[in-house]
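In: Would you be able to build a 3D model of this:
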Amino acid sequence: MYDLINGTINSNKMSLRIAARTRVRFDKPCGRASIAPSRKQCCPSGCLRPLRRLFCAPAVRADDARSPFLRALPASAHSRVPAPMLAFHVSGGICRGPLLVERGQTWLGRLLATLGQLPHATPPAAIHAPEDVEVTSVANGDGSGGGDGGVAWTRQFPGMAGPLMSRWYYDEASQLAVDSFAWRGITDFAAFGFVLEPVEAEPQPGTAATVTSGASMVGFRHVTKQAWVLGLPLPKWLAMSADGVSLPHADGLGWDVEVEVAHPLVGKVVSYRGSVRLDPPEKGTEYGKGQEAG
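Out: Below is the predicted model:
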């Protein structure tokens, strides 16, 4: 009897030790609850690679506090992005400005835009003076609470019942910055994986388009390399792209933006272009004081 009781106690102690080293969490990339060892993620270590490719969207590094913007943009360009523009993409902020929205010319393209709840085309009467679009970014806004550097985006276009919401994070496996969109209440319904390429900003006449280092300013181009729907990677012939470019204004407090969402079989789905400014502009000027931007 003594041996039986002693064995039960030892077994319980072992169970407690195992429980102390594990934790139950809701793993957002896989979209399921799991019991996983501390500091490890379900997707990279708990799934076989073939299954991960089929059932898991790109994983978020919960132990890396760096911004997806900084990780995806070459380090040599960090100091050449104007501090306010950098602050918006790294630590969050609000910008707004008039954007001209156009939908595709084909009926299939327009149908995809409608089903995807994408922005409405700017009315003909407002083409020369489009209404303002408001964009809000919030660092670590994806609800993970893990300090992964992710950014939640809210884009409010005129005429839309609700905002276009997404979360931006860096996927270690693919080495891409991922913009993952919600659709009809489904988190991470569709996602685009981008590489970020620095783009020289041409100085405007009568201005000095430089950063504090004296080098010319750069913006960036985001180029789609992969797309997912419900975590499933799509072949290129079936996947939409969302390529675009953002170029800073001479004072660094705003930027010109142009984005086109397209499908290889139907052409353009929707596009928008225009200029946005930080609101308030002072918010971005404090970024980088006393610290290294890159």
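
In: which stretches of the stretch 51-200 of the chain form helices?
Out: 68-72, 83-90, 107-115 (DSSP state H, counting those that start in this stretch).

In: How about the contacts made by residue 109?
Out: 103, 263, 266-270 (C-beta atoms under 8 Å, 6 or more residues apart in numbering). Any C-beta I mention is one placed from the backbone N, CA and C, and that applies to glycine too.

In: just to revisit the earlier point, minimum distance to residue 252: which of the helices of the stretch 51-200 of the chain has it?
Out: Among those, the nearest to residue 252 by C-beta to C-beta is helix 83-90 (5.2 Å).

In: Please identify the deepest-packed of the helices of the stretch 51-200 of the chain.
Out: Of all the helices of the stretch 51-200 of the chain, helix 83-90 has the most neighbours on average by mean count of other C-beta atoms under 10 Å, namely a mean of 24.

In: Least confident secondary structure element in the protein?
Out: The weakest-scoring helix or strand in the chain, judged by mean pLDDT, DSSP states H and E, is strand 32-37 (a mean of 32).

In: give me the number of residues near the residue nearest to residue 120 when sequence neighbours are not counted?
Out: Sequence neighbours aside, residue 159 is the residue nearest to residue 120 in space, at 4.6 Å (criterion: C-beta to C-beta, 6 or more residues apart in numbering). As a burial measure, residue 159 scores 11 neighbours (other C-beta atoms under 10 Å).

In: Residue 159 and residue 121 touch, don't they?
Out: No. Applying C-beta atoms under 8 Å as the test, residue 159 and residue 121 come out as separate, 9.2 Å apart.

In: Redo the helices of the stretch 51-200 of the chain as JSON lines? Include mean pLDDT.
Out: Converted to JSON lines, those look like this (pLDDT from 0 to 100):
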{"stretch": "helix 68-72", "mean pLDDT": "91"}
{"stretch": "helix 83-90", "mean pLDDT": "91"}
{"stretch": "helix 107-115", "mean pLDDT": "94"}
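
In: how about those helices in a markdown table, adding distance to residue 131?
Out: Listed next are the helices of the stretch 51-200 of the chain as a markdown table, based on distance: least, C-beta to C-beta, whole Å:
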| stretch | distance to residue 131 |
| --- | --- |
| helix 68-72 | 27 |
| helix 83-90 | 21 |
| helix 107-115 | 18 |
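
In: Residue 178 is nearest to which of those?
Out: helix 68-72 (7.4 Å).

In: need the strands for this structure, in chain order.
Out: 22-27, 32-37, 92-103, 132-139, 151-156, 164-171, 176-183, 186-200, 218-229, 232-233, 241-248, 254-263, 267-278 (DSSP state E).

In: need the least confident one among the ones you listed, by mean pLDDT.
Out: Ranked by mean pLDDT, the strands of the chain end with strand 32-37 at the bottom, a mean of 32.

In: State the distance from residue 252 to residue 271.
Out: Separation of residue 252 from residue 271 (C-beta to C-beta, to the nearest Å): 25 Å.

In: Show me how the chain divides into domains.
Out: 2-55, 68-286 (automatic domain parsing).

In: now the strands of the chain as CSV including mean neighbour count and distance to residue 67?
Out: Shown next, in CSV, are the strands of the chain (neighbours: other C-beta atoms under 10 Å; distance: least, C-beta to C-beta, whole Å):
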stretch, mean neighbour count, distance to residue 67
strand 22-27, 14, 21
strand 32-37, 13, 25
strand 92-103, 19, 10
strand 132-139, 19, 7
strand 151-156, 18, 7
strand 164-171, 23, 8
strand 176-183, 22, 9
strand 186-200, 19, 11
strand 218-229, 20, 13
strand 232-233, 14, 24
strand 241-248, 20, 15
strand 254-263, 20, 17
strand 267-278, 19, 17
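
In: Output the ones you listed in a markdown table; the columns should cover distance to residue 73.
Out: Formatted as a markdown table, the strands of the chain follow (distance: least, C-beta to C-beta, whole Å):
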| stretch | distance to residue 73 |
| --- | --- |
| strand 22-27 | 27 |
| strand 32-37 | 31 |
| strand 92-103 | 17 |
| strand 132-139 | 15 |
| strand 151-156 | 14 |
| strand 164-171 | 11 |
| strand 176-183 | 8 |
| strand 186-200 | 4 |
| strand 218-229 | 6 |
| strand 232-233 | 23 |
| strand 241-248 | 11 |
| strand 254-263 | 14 |
| strand 267-278 | 19 |
